[in-house]
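Engineer: Just to be clear, the model below is a prediction. Sequence and coordinates:
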Amino acid sequence: MSLPQKGVYTPVPTFFKKDLNTIDFATQVAHAKFLQDNGIKGITLLGSTGENAHLTRAERAEIVKQIHDNVKGFTIVAGIAQNCLQETIEEIESVAKSGASFALVLPSSYFGPSITQEALVEWYTEVADNSPIPVLIYVYPGVTNNVNVAPSTIKTLSSHKNIVGIKFSHNDVTSYSEISLDEEIKDFVCLTGLGHLLLPALSIGFKGTVDAISGAYPKIYTRLIQAFDEGNFKEAQRLQLAIIRGEKCVSEYGVIGIKRIIYEATGFGETYLGRMPLNKDTTAGWEKLDKFIAEISEGEKSVTI
């Protein structure tokens, strides 16, 4: 059984040409190489940042293939966001054939409050039983109709041989602790989707983060984990504060804000806008973030890895 190694698994945007429809595969590959060269452990494709819902299955498979074929030795985590069980299994098969190492699977959520925890156990079990690659549970109530995978459900699922970890994209640190500190849960990797909680999460046994701003500032996230492992908590705290400043781009402006900060910090891409209906610039007032962006930029410049 393969487990994700400790580190950062950057959830990257899908880059588009200026027509806001054609996928910019050259930039997709170049950005991935930039991340790998700056200490990022692996890449998360086709998540919410990657506009999964705006892509066809063929496009999703091709994005995975382009990274697999052109960025050697880079672990690929593929986001899976289907409601239909069979579609979920087929989607995992598709990205696995294209080179994905892990599937990051959101729960089926269309029927929201009607979905029980028992049903989620059955659903994830069926997915894992049929998945050709290891599965990570993805808990993100904000995009799943407020469907939450409870800690008791996660613990049950953690015993499945093909379910190897979880990504939490919420602020409930109690849930984090209930899983990561449970000594009965073995061979199960916990990752936070929130960079502003990276240091607290590491302190309770988490193995890293899947945080989008690392697509703009990869070294600061990588170095924070290194500093923590070295016992250099003063440096880890300093870097954590800088990351918190940068995270304001996400809280204020969502996916377009993420894409804009990557565009401005790294120069990758022809545009920071997305496919319809994310094709409008919603970053009015961006200049109010200048001081926060300056702080994370300085933090990035201050570290070597």
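Structural biologist: Everything's here; your move. A quick note: this is a predicted structure, and the numbers were derived from the prediction, not measured.

Engineer: could you pull out the helices for the stretch 151-300 of the chain?
Structural biologist: Assigned by DSSP state H, counting those that start in this stretch, the helices in the stretch 151-300 of the chain fall at 151-158, 173-180, 198-203, 218-230, 233-246, 248-266, 290-301.

Engineer: Which of these sits closest to residue 55?
Structural biologist: Closest to residue 55 of these, according to Cβ to Cβ: helix 248-266, at 13.5 Å. In this view, the C-beta of every residue, glycine as well, is placed from N, C-alpha and C.

Engineer: which of the residues in the closest one are buried?
Structural biologist: With burial defined by 16 or more other Cβ atoms under 10 Å, the residues of helix 248-266 counted as buried are 248-250, 253-263, 265-266.

Engineer: Could you single out the nearest of these to residue 166?
Structural biologist: Ranked by distance to residue 166 (Cβ to Cβ), the buried residues of helix 248-266 are led by residue 250 at 20.2 Å.

Engineer: contacting residues for the closest one?
Structural biologist: Contacts for residue 250 were tallied using Cβ atoms under 8 Å, 6 or more residues apart in numbering; they are 212-213, 257-258.

Engineer: Ok, which of the helices of the stretch 151-300 of the chain comes nearest residue 78?
Structural biologist: With Cβ to Cβ as the criterion, residue 78 lies closest to helix 248-266 of the helices of the stretch 151-300 of the chain, at 17.9 Å.

Engineer: so what's residue 132 closest to, chain neighbours aside?
Structural biologist: residue 96 (4.6 Å; Cβ to Cβ, 6 or more residues apart in numbering).

Engineer: ok so the one you found is a helix residue?
Structural biologist: Yes - under DSSP: H, G, I helix; E, B strand; the rest coil, residue 96 falls within a helix.

Engineer: Can you tell me how far it is from residue 208?
Structural biologist: 22 Å (Cβ to Cβ, to the nearest Å).

Engineer: do the same with residue 61
Structural biologist: 26 Å.

Engineer: out of these two, which sits in the busier spot?
Structural biologist: Taking other Cβ atoms under 10 Å, residue 61 and residue 208 do not tie; residue 208 has more neighbours (27 against 22).

Engineer: Touching, that one and residue 40? I think so.
Structural biologist: No - Residue 208 is not in contact with residue 40 according to Cβ atoms under 8 Å; the separation is 10.0 Å.

Engineer: Overlap in contacts, these two.
Structural biologist: 7-9.

Engineer: coming back round to it: just the contacts of residue 250 now: which is nearest residue 105?
Structural biologist: Using Cβ to Cβ, the contacts of residue 250 come closest to residue 105 at residue 212, 18.6 Å.

Engineer: Do you know the pLDDT at the closest one?
Structural biologist: Per-residue pLDDT puts residue 212 at 98.

Engineer: Can you report how many residues lie near it?
Structural biologist: 29.

Engineer: Contacts only, for it.
Structural biologist: Counting by Cβ under 8 Å, 6+ apart, residue 212 makes contact with 10-13, 49, 250, 258.

Engineer: if we go to 6 Å?
Structural biologist: 11, 49, 258 (Cβ atoms under 6 Å, 6 or more residues apart in numbering).

Engineer: May I see the buried residues of stretch 204-218?
Structural biologist: Per 16+ other Cβ under 10 Å, stretch 204-218 contains these buried residues: 206-218.

Engineer: Give me the number of neighbouring residues for the residue lying closest to residue 199 once chain neighbours are set aside.
Structural biologist: Nearest non-adjacent residue to residue 199, counting by Cβ to Cβ, 6+ apart: residue 240, 4.2 Å away. By the criterion of other Cβ under 10 Å, residue 240 has 23 neighbours.

Engineer: what's the spacing between residue 240 and residue 246?
Structural biologist: 11 Å.

Engineer: swap in residue 268?
Structural biologist: 17 Å.

Engineer: and the buried residues of stretch 204-218, which of them are in strands?
Structural biologist: Judged by DSSP state E, the buried residues of stretch 204-218 include 208-209 as members of strands.
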